[in-house]
Each structure stands twice: as structure tokens, then as C-alpha cells.
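[1] how would this look folded up:
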Amino acid sequence: MDIIRLDRIAVLASVRLVDRAGPGDWSRPTPCDRWTLRALVEHMGGQHLGFAAAARGEGSDAAVWEPRRAGDDPAAWYRGTARTVLDAFDRPEASQRRFTLPEISTEATFPAATAMGFHFLDYVVHSWDVAAALGLPLALPDDVVEAALPVALRVPGGPAREGPGAAFRPALPVAEGGPLPRVLAALGRSPDWR
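    Residues are numbered from 1 along each chain as shown. You can find the predicted model right below:
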């Protein structure tokens, strides 16, 4: 599995979706509890910048992971953050590095492929979040969504998924259909969210 290629496809899909948001869309609700589309995009951009810092060996500072204000043009700001993480992951040394991801563990580091896999899964799911908020379909190649399923199924369950601010909600019963509904259900999202 070429995780850098898969991640790039998912991130670029998210950019195309965010670019579709108009001025009246930023206050729309999203499948992410209590987040408007603007708050979701600010989170997504903050995560891009955090993962980019981790790819450079600078991810241990929790401040690099904080959501940032997107300003007057959230789509342009988001495109810039996406470019930053894609460029960071493309650097040859990034794939050899161990990533510090303080939002997951302050004691362990993660091999690059594992950390990039976390990012990849987030952007498959967050692309769907943006698409659902805007009432648009998510167009990802089958191989991309199929590659996300085993990653989603490995996300640990338990109390960490039940509290406020949890990255993922408790898993829902396995949905019928292809891999995307199964990815979403594994992470506590209803594929039928409207």
C-alpha cells in the first residue's frame, strides 16, 4: 500500500469539496458533533499543520496541533494547509522518521507509515464529513476507500471514544453496502447523516 499516494488522493478530494463551499455554507452543521463547517475546516487545517510538523520531526509541541482561524477565505486557507502537509509527506526523510503525535500518545512515537495512515483515514472520513455537510457526493476511488477500511477497523474502542471531544464516536452496527459505509460506521458516523 502506497500510503503517501492514498493520503494525497484523500486530501485533494477534501480540498475539492471545501472549495465548493460558498459564503453561506460555513455555518452549516456537520456530522462532527457541535462543529460547523468552518470549525471542521479549521480543525482539518490545524491537523494538516500538525502532521506536517511531525513529518519534519517537530510534532511534540501541542501548539502545532491546535486549530487555527481560517480568516475571511477558509477555502484558500485550507488549500494552503493541505499543500503544506502534502509537501511535508513527499520529502524523502519523512518516510524514514518516527512521528510524535501528542493527541494520540505523549509517550510513544509512530513509524511514518502508521502516522500517515492515521492522517489518511482522517481525510477519507473528513472528506465525507464535508461532502455530507454540503449535501454533495463523495467521489473517492474504490481502492482508496478499501484501503481505509482496515485502518478504521483497527481504531481502538472503549471509553476514549465516549467522552466529549472524542476523535471518533463508538462504532455503530456494520452498515450494509460497500466499504465507505463500513468505514463510517466503524468510526461512529451514520452513513445516513443529513
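
[2] now for the lengthiest helix in the chain, which elements pack on it?
    As assigned by DSSP state H, the longest helix anywhere in the chain is helix 112-134. On a contact count with 3 or more CB pairs under 8 Å, 6 or more residues apart in numbering; DSSP states H and E, helix 112-134 meets helix 3-19, helix 37-55, helix 74-90, strand 98-100, helix 142-153, helix 179-186. Bear in mind the C-beta positions are built from the backbone N, C-alpha and C, glycine included.

[3] got the CA positions of it in CSV?
    C-alpha atoms of helix 112-134 as CSV (Å, rounded to 0.1, in the frame of the first residue of the first chain):
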residue,chain,number,x,y,z
ALA,A,112,5.9,7.2,9.4
ALA,A,113,3.6,4.7,7.5
THR,A,114,1.4,4.3,10.6
ALA,A,115,1.2,8.0,11.3
MET,A,116,0.5,8.7,7.6
GLY,A,117,-2.2,6.0,7.8
PHE,A,118,-3.9,7.9,10.6
HIS,A,119,-3.8,11.1,8.5
PHE,A,120,-5.1,9.2,5.5
LEU,A,121,-8.1,7.7,7.4
ASP,A,122,-8.9,11.2,8.9
TYR,A,123,-9.1,12.7,5.4
VAL,A,124,-11.2,9.9,3.9
VAL,A,125,-13.7,10.5,6.8
HIS,A,126,-13.4,14.3,6.9
SER,A,127,-13.9,14.4,3.1
TRP,A,128,-17.2,12.6,3.7
ASP,A,129,-18.0,15.0,6.6
VAL,A,130,-17.6,18.0,4.3
ALA,A,131,-19.5,16.3,1.5
ALA,A,132,-22.3,15.4,3.9
ALA,A,133,-22.5,18.9,5.3
LEU,A,134,-22.7,20.4,1.8
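
[4] how far out from the middle of the chain is it?
    In terms of CA atoms, centre = their mean, to the nearest Å, the centre of helix 112-134 is found 3 Å from the chain centre.

[5] quick one: the residue nearest the centre of the chain from P92, how far?
    The centroid of the chain falls nearest to D122 when counting by CA atoms, centre = their mean (2.5 Å). Distance, D122 to P92, by CB to CB, to the nearest Å: 23 Å.

[6] Next: G50.
    Taking CB to CB, one finds G50 at 21 Å from P92.
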